[in-house]
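S.K.: need a structure here:
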Amino acid sequence: MPPVFAHGRLRLYLLKLLDEAPRHGYEVIRLLEERFQGLYAPSAGTVYPRLAKLEAEGLVTYATEGGRKVYSITEAGRAELADRGGELADLELEIRDSVSELAAEMRDDVRGAAGDLRREMRAAAASATTTRVDDEGWKAAKEELRKAKAEWKEQARRAKDESRRAREEAHQARRQAKEAQERAREEVQRIASQLQEQFAKSSGVLGGLAGSWLGAGAPASAPGASTAASDVGSTWAEDLAPTADPIRDLDRLLDRFRDEIRDAARDHGVSPAQLAEARAHLAVAATRVTAELRPDPA
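M.R.: Take a look at the predicted model:
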């Protein structure tokens, strides 16, 4: 059977469990076992090192209660969880599918074992007839067969119930994933609107600063400014290949934009004058992008 969690997925799911409530390591293991209907449970050697790594990265923290470490998610952990909301929805679907596959494998194993038992009992019955096994032995064999049949029926019933629950949970997960996508779209629109309102306050100082945004040091109205902007736009973030979802592509571009500005500020520092100038540039960018995203009134 392939791994239940792909690379990095268990780390993401641990953040989800801790976002629900603070928990200690044994409780995390027990919850994972419950989510998989008892068909899978990670070992302590799998869970505790990952919790320690999340704590070292500042995504979780812990407090000692009754001699146990009780882990809680930090704001940085919640931020990463929010950034990977779509991936988390996909992971929920994968978990439901894994439960269905494990239940199907269990049913197949039970059927195979029952078939082997029936063949063995038939062979034993034939041997008993030819060798004239006493009546008590034959009755005992029939009783064993009856018990085996009853056990097989019970296991088959449980497997059927687990499969039905898995299908229902998968349907619910798909619905939740769709709702999460809708909320993400609304959040992008809300943030864009807030940025426009925030940065529009400094729009009076934009005229002489837009050219600096293009890296040429010239005002926005200077000759060649629009050509420079076009050249930058055609090459910037060209390594981010577009997908079939424009909202997701816009999120990726905003992430790249934020990371590049943050890295430049950390590497070179920011003076008050540079902050004022950056605010003006961001106001220009927010106004233009928001206007571009709005529907044409015509």
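S.K.: least confident secondary structure element in the chain?
M.R.: When the helices and strands of the chain are scored by mean pLDDT, DSSP states H and E, helix 210-213 comes last with a mean of 42.
S.K.: per-residue confidence at P297?
M.R.: pLDDT, P297: 64.
S.K.: tell me which element R258 is part of?
M.R.: helix 246-268 (DSSP states H and E).
S.K.: got the contact list for that helix?
M.R.: 83, 86, 184-185, 188, 237, 240, 242-243, 278 (CB atoms under 8 Å, 6 or more residues apart in numbering). For every residue, glycine as well, the C-beta is placed using N, CA and C.
S.K.: pLDDT of it, averaged?
M.R.: Helix 246-268 comes out at a mean pLDDT of 87.
S.K.: list the buried residues of that helix.
M.R.: 248, 251 (16 or more other CB atoms under 10 Å).
S.K.: before we move on, what about stretch 45-64?
M.R.: Quick answer for stretch 45-64 (16+ other CB under 10 Å): 47-48, 50-51, 54-55, 59-62.
S.K.: do a quick rundown of the strands in the stretch 1-150 of the chain.
M.R.: 23-24, 60-65, 68-73 (DSSP state E, counting those that start in this stretch).
S.K.: dump those strands to JSON lines, plus mean pLDDT.
M.R.: Output for these, formatted as JSON lines (pLDDT from 0 to 100):
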{"stretch": "strand 23-24", "mean pLDDT": "92"}
{"stretch": "strand 60-65", "mean pLDDT": "93"}
{"stretch": "strand 68-73", "mean pLDDT": "94"}
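S.K.: right, so of these, which gets closest to K178?
M.R.: For these, proximity to K178 was assessed by CB to CB; strand 68-73 is nearest, at 25.0 Å.
S.K.: how about the helices in this protein?
M.R.: Taking DSSP state H, the helices of the chain run over residues 9-20, 25-35, 44-56, 75-83, 85-131, 135-199, 210-213, 225-235, 246-268, 272-293.
S.K.: mind checking the pLDDT average for the last one?
M.R.: So that's helix 272-293. 89.
S.K.: who are the packing partners of it?
M.R.: helix 135-199, helix 210-213 (3 or more CB pairs under 8 Å, 6 or more residues apart in numbering; DSSP states H and E).
S.K.: okay, R167: pLDDT?
M.R.: So R167 comes in at 81 (pLDDT).
S.K.: need the winner for burial among the helices and strands packed on helix 272-293.
M.R.: helix 210-213 (a mean of 19; mean count of other CB atoms under 10 Å).
S.K.: in TSV: the contacts of helix 246-268, plus distance to D255.
M.R.: Putting the contacts of helix 246-268 into TSV (distance: CB to CB, whole Å) gives the following:
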residue	distance to D255
D83	8
G86	13
A184	13
R185	16
V188	12
A237	10
L240	9
P242	15
T243	14
A278	18
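S.K.: could you chop this structure up by domain?
M.R.: Domain segmentation of the chain under automatic domain parsing yields 9-82, 84-187, 206-293.
S.K.: between the two ends of the shortest one, how far is it?
M.R.: Right, the one you point to is domain 9-82. 15 Å (CA to CA, to the nearest Å).
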